[in-house]
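**Q** 3D, please:
(2 chains)
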There are 2 protein chains.
Amino acid sequence: MSTDIRRIWTELEVNLDLHDELLQVMARSHERTHLGQKNRPKAMAFFDHALHASHDERVAEIHAFRKNGGKSIGTFCIYVPDEIALAAGVIPIPLCGGTGWSVNYADKMFPRDICPIIRSTFGLSFSGTCPYKKLKDFAVGETTCDAKKKAWDLVGFKVMEVPQKKNGIDRDLWLREVYAFKDMVETLSGVAVTAESLSANITLVNRKRKALRRINEFRKLDHPPISGLDALLVSQVALNQDTAAFAEAAERLAAELEERVAAGISAYDGNVPRPRVMMAGTPAPLGYAKVHFVVESSGMSIVADESCTGSRYYTELVDESRTTLDGMIEAVADRYFSIDCSCFSPNTERLDHVVRTAKEFRVRGVIQNILQYCHGYNIEAKAVEKVLAKENIPSLKIVTDYADEDLEQLRVRTETFAELLRA
Amino acid sequence: MSTDIRRIWTELEVNLDLHDELLQVMARSHERTHLGQKNRPKAMAFFDHALHASHDERVAEIHAFRKNGGKSIGTFCIYVPDEIALAAGVIPIPLCGGTGWSVNYADKMFPRDICPIIRSTFGLSFSGTCPYKKLKDFAVGETTCDAKKKAWDLVGFKVMEVPQKKNGIDRDLWLREVYAFKDMVETLSGVAVTAESLSANITLVNRKRKALRRINEFRKLDHPPISGLDALLVSQVALNQDTAAFAEAAERLAAELEERVAAGISAYDGNVPRPRVMMAGTPAPLGYAKVHFVVESSGMSIVADESCTGSRYYTELVDESRTTLDGMIEAVADRYFSIDCSCFSPNTERLDHVVRTAKEFRVRGVIQNILQYCHGYNIEAKAVEKVLAKENIPSLKIVTDYADEDLEQLRVRTETFAELLRA
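**A** Next up is the predicted model:
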């Protein structure tokens, strides 16, 4: 840890002692979940380091950018369009907390029975351990769930309205919200979004998503060259790091995975057959990999993810064929509007997506990974279970939070599920 | 209980034994919460009976209506516009369950950690004790919260989209939803909504809301002629009974309250001063009055309510000055769009409304009555607490469900709050 970064943290009013404690907890957790894996691609080093870098190098980077007059905003959900922020010269910083360490600090303002993502995030803020608190001009939330929506109101975030149906008028409403977001970031930076700058950033963000898609494709193989835990980490880091730097690292990883496949190197070894499973449900922000860890260490291989920190983030690209600024904004809006979050009613799109992915990746079973108190995914789990059952794909619903206390109880259930899938 | 109604229940596939058990439980609960009160207006007899009538006479009424070709729909939330359903000759039946008795029957399909209103409602349905299950053509839900929205998807209800902001485009979206609802009920009944029929039903429903407003006004007096528990019951029944019959009963009650005021008769007696309080927060459907009961029996007088089973239901009327059908539909849409449910972001309207009501009714304190797992009202409670504190109005937040187990624990808190307010 350089003296420089500690000076920056101090400037950002970070509580150094608590922050050191947090970094240690995160490092220990990552060591247990990820570093113990055998046969890891060398290119994972970038992603392993990102957990630390998100508090260190990335902070220094944005700090320097801001010292030179640059602007940055906090975001929370994959509905806030990075392409447009970047085109206005504004850095979007995802704020989602993935650590259980900070959850109880949220008690200051929030109920205990809301989702741990919100509690972890604001717990970091309230405990003075989120370096981004003072490293942004404002934050932009969205209306994808009750708890987030009301949290934004309490803390005075700006809010993008994500509609709840997918009719024509909903799409019009969303397009307006995207335009309002463009106005917001333009006003902040004083930089107008142009066809050139937006086009360049659409290409850039697409490049990142394409790299993620390429990595994901290898998971279709009988012997995936990357584990589910590592694939999750890659997706998590995608949200946090500089877009170009991330795209390069992801491309390096994809190239290495190609070599591994050619050389017959799998991420998994051992003689016991490992059932292929898919994880579906709520996001797992950077720092949180409990269920992925317990599933893979119970002898299953996670070869597909359906979540905001999985395929939902990178499957769809923005159409690059549009030439006018308005056309591009529309293309961005449409791409984000195609996200099949459980916030939509009805949500057959998501049900179809889950089944399609399960088949494409030839999984034997699906684990529904639901963060406690997320009513949307929790209730929709029944519908997911039903469509999967129709295809004779067994599913296991796990409702949990960031705490480690239930880890061994979960293991009993995941090991039983693994046995069932092997039978 | 007549043989006739038992025959009807059988026809409606009601489980007679379980249903008898439910009716007994509801009667005992009502006896404890309401019938033990002294100095009650005689006109409350209609409302006391409504709990039973909602399973008996009202069922027989709608059953006969349907035998003659009439149509009825289930509704859940005060966003579904009664005026339009009635104008198409369709009876809207509110389905909200208010009994803890049925909550666990919901386990068949729903998680335990969602709000008891949803669980009670579907618990009634799954246990075969909701006579309305087979007494409607379909049900219409809305998108005011995550849990309800996803519940409607699971059970195949139709869904009206309530937007999440209050901008122009949101209002346009809502107007379209109201038109779509009109089409839906017209298609069902084969009866076109006309300016005449809509005007008549706007007047009728306004008459009901005016009667409720008149009753509520008496609660501003130093010695209210009606208790908070009884005022709640009146509001609860407003949702369930035939509109005209209810309006008459409410008008009779209002007239009696006027006489009581003239004669100096208060709903409350005793020498200990009873602090005036307001109840704010989630709805309390017919059958549920636990917190109102514990508050009033702890020596406080509930003289104002801010909830969907309180002032939010009747404060705003539909503008009667419009002459064209489109104008009237717009007036209906605007009236419903003015509801300040916690589902909106931002929701300063509600915060202002709470403070304004607290002042108008000269309360000493506010009790925030929150049903567990209702993220919207639960998180917004912090904002409500803050605006009240600015006005030096103390508030107490109670988060609970339909179960009686915490009643005496709640009493410790409400008695302490009463002491604080008396000091």
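
**Q** which stretches of the stretch 151-300 of chain A aren't confidently modelled?
**A** Along the stretch 151-300 of chain A, the model assigns pLDDT under 70 to no residue.

**Q** what's around the residue in it that chain B sits nearest to, how many residues?
**A** For the stretch 151-300 of chain A, the residue closest to chain B is A:Gln164, as judged by C-beta to the nearest C-beta, at 4.3 Å. Backbone N, C-alpha and C define where each C-beta goes, glycine included. Residues near A:Gln164, counting by other C-beta atoms under 10 Å in any protein chain shown, number 25.

**Q** Contact partners for the spatially closest residue to it that is not a sequence neighbour?
**A** Spatial nearest neighbour of A:Gln164, chain neighbours left out: B:Thr143 (4.3 Å); criterion: C-beta to C-beta, 6 or more residues apart in numbering or on different chains. When contacts are counted by C-beta atoms under 8 Å, 6 or more residues apart in numbering or on different chains, B:Thr143 touches A:164-165, A:345, B:149, B:159-162, B:343.

**Q** what helix or strand is A:Arg274 on?
**A** Per DSSP states H and E: A:Arg274 is located in neither a helix nor a strand.

**Q** Next: A:Leu388.
**A** In the assignment (DSSP H and E), A:Leu388 maps to helix A:375-390.

**Q** Now do the same for that helix: mean pLDDT, whole number.
**A** Mean pLDDT, helix A:375-390: 98.

**Q** if we can go back for a sec, put together a markdown table for the contacts of B:Thr143, with distance to A:Asp113 and secondary structure on each row.
**A** Below are these laid out as a markdown table (distance: C-beta to C-beta, whole Å; DSSP: H, G, I helix; E, B strand; the rest coil):
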| residue | distance to A:Asp113 | secondary structure |
| --- | --- | --- |
| A:Gln164 | 23 | coil |
| A:Lys165 | 28 | coil |
| A:Ser345 | 23 | coil |
| B:Lys149 | 19 | helix |
| B:Val159 | 25 | strand |
| B:Met160 | 28 | strand |
| B:Glu161 | 27 | coil |
| B:Val162 | 24 | coil |
| B:Cys343 | 18 | coil |
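
**Q** Can you tell me which of those is nearest B:Arg207?
**A** Closest approach between the contacts of B:Thr143 and B:Arg207, by C-beta to C-beta: B:Met160, at 24.3 Å.

**Q** Can you report how many residues neighbour that closest one?
**A** Neighbours of B:Met160 (other C-beta under 10 Å): 24.

**Q** can you pull the contacts of it?
**A** Per C-beta under 8 Å, 6+ apart, neighbours of B:Met160: B:79-80, B:140-143, B:177-178, B:180-181.

**Q** List the buried residues for the helix or strand where A:Asp20 lies?
**A** Using DSSP H and E, A:Asp20 sits in helix A:16-30. Within helix A:16-30, the residues that count as buried by 16 or more other C-beta atoms under 10 Å in any protein chain shown are A:18-19, A:22-23, A:26, A:29-30.

**Q** Counting by contacts, list what it packs against.
**A** helix A:3-11, helix A:44-53 (3 or more C-beta pairs under 8 Å, 6 or more residues apart in numbering or on different chains; DSSP states H and E).

**Q** Report the next helix or strand after the longest one in sequence order.
**A** Sequence-wise, the next helix or strand downstream of helix A:44-53 (DSSP H and E) is helix A:57-67.

**Q** Torsion angles phi and psi at A:Gln368?
**A** phi -90, psi 110 (degrees, to the nearest 10).

**Q** Pretty sure it sits against A:Glu385.
**A** Yes. A:Gln368 is within contact range of A:Glu385, at 7.3 Å (criterion: C-beta atoms under 8 Å).

**Q** Any chance of TSV for the buried residues of helix A:16-30, columns pLDDT?
**A** Shown next, in TSV, are these (pLDDT from 0 to 100):
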residue	pLDDT
A:Leu18	98
A:His19	98
A:Leu22	98
A:Leu23	97
A:Met26	96
A:Ser29	96
A:His30	97
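
**Q** Quickly name whichever of these is closest to chain B.
**A** A:Leu18 (23.4 Å).

**Q** pretty sure that closest one is touching A:Thr129, no?
**A** Yes. Counting by C-beta under 8 Å, A:Thr129 is a contact partner of A:Leu18 at 5.2 Å.

**Q** list residues touching both of the two?
**A** By C-beta under 8 Å, 6+ apart, no residue touches both A:Leu18 and A:Thr129.

**Q** residues from the stretch 251-400 of chain A in reach of chain B?
**A** A:342-343, A:345-347, A:372-373, A:375-376, A:378-380, A:382-383, A:399 (C-beta under 8 Å from any C-beta of the partner chain).

**Q** any idea which residue sits dead centre in chain A?
**A** A:Thr309 (3.0 Å; C-alpha atoms, centre = their mean).

**Q** where does it land in three-state SS?
**A** Assigned with DSSP: H, G, I helix; E, B strand; the rest coil, A:Thr309 falls in the coil class.

**Q** Do you have the strands of chain A handy? List them.
**A** Here chain A has its strands, by DSSP state E, at A:71-75, A:90-94, A:138-142, A:158-160, A:276-281, A:301-306, A:365-371, A:395-400.

**Q** Deepest-packed of those, please.
**A** strand A:276-281 (a mean of 28; mean count of other C-beta atoms under 10 Å in any protein chain shown).

**Q** starting at the chain centroid, how far to that one?
**A** 15 Å (C-alpha atoms, centre = their mean, to the nearest Å).

**Q** quick one: contacts for the nearest residue to A:Cys341 once chain neighbours are set aside?
**A** Distances taken as C-beta to C-beta, 6+ apart place A:Thr144 nearest to A:Cys341, at 5.5 Å, with adjacent residues excluded. A:Thr144 makes contact with A:77, A:79, A:162, A:341, A:343, A:376, according to C-beta under 8 Å, 6+ apart.

**Q** Sketch out the helices for the stretch 51-200 of chain A, chain order is fine.
**A** Taking DSSP state H, counting those that start in this stretch as the test, the helices found in the stretch 51-200 of chain A are A:57-67, A:82-87, A:116-126, A:146-155, A:168-189, A:195-217.

**Q** want to try TSV for the ones you listed, with mean neighbour count and distance to B:Gly69 as columns?
**A** Shown next, in TSV, are these (neighbours: other C-beta atoms under 10 Å in any protein chain shown; distance: least, C-beta to C-beta, whole Å):
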stretch	mean neighbour count	distance to B:Gly69
helix A:57-67	17	68
helix A:82-87	26	55
helix A:116-126	26	51
helix A:146-155	24	40
helix A:168-189	18	34
helix A:195-217	19	56
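
**Q** Now distance to A:Ser298 too, for these, in TSV please.
**A** Putting the helices of the stretch 51-200 of chain A into TSV (distance: least, C-beta to C-beta, whole Å) gives the following:
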stretch	distance to A:Ser298
helix A:57-67	33
helix A:82-87	35
helix A:116-126	22
helix A:146-155	30
helix A:168-189	40
helix A:195-217	22
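
**Q** near chain B, which residues of the stretch 1-150 of chain A?
**A** Residues of the stretch 1-150 of chain A lying near chain B (C-beta under 8 Å from any C-beta): A:109-111, A:113-114, A:143, A:145-147, A:149-150.

**Q** Let's see that with 6 Å instead.
**A** Neighbours of chain B within the stretch 1-150 of chain A, by C-beta under 6 Å from any C-beta of the partner chain: A:109, A:111, A:114, A:143, A:145-147, A:149-150.

**Q** just to revisit the earlier point, which one of the contacts of B:Met160 is nearest to chain A?
**A** So of those, ranked by how close each gets to chain A (C-beta to the nearest C-beta), first place is B:Thr143, at 4.3 Å.

**Q** What backbone torsions are found at that closest one?
**A** phi -110, psi 40.

**Q** Would you mind measuring from it to B:Ala195?
**A** From B:Thr143 across to B:Ala195, the span is 29 Å (C-beta to C-beta, to the nearest Å).

**Q** Same check on A:Cys341?
**A** A:Cys341 is 41 Å from B:Ala195, by C-beta to C-beta.
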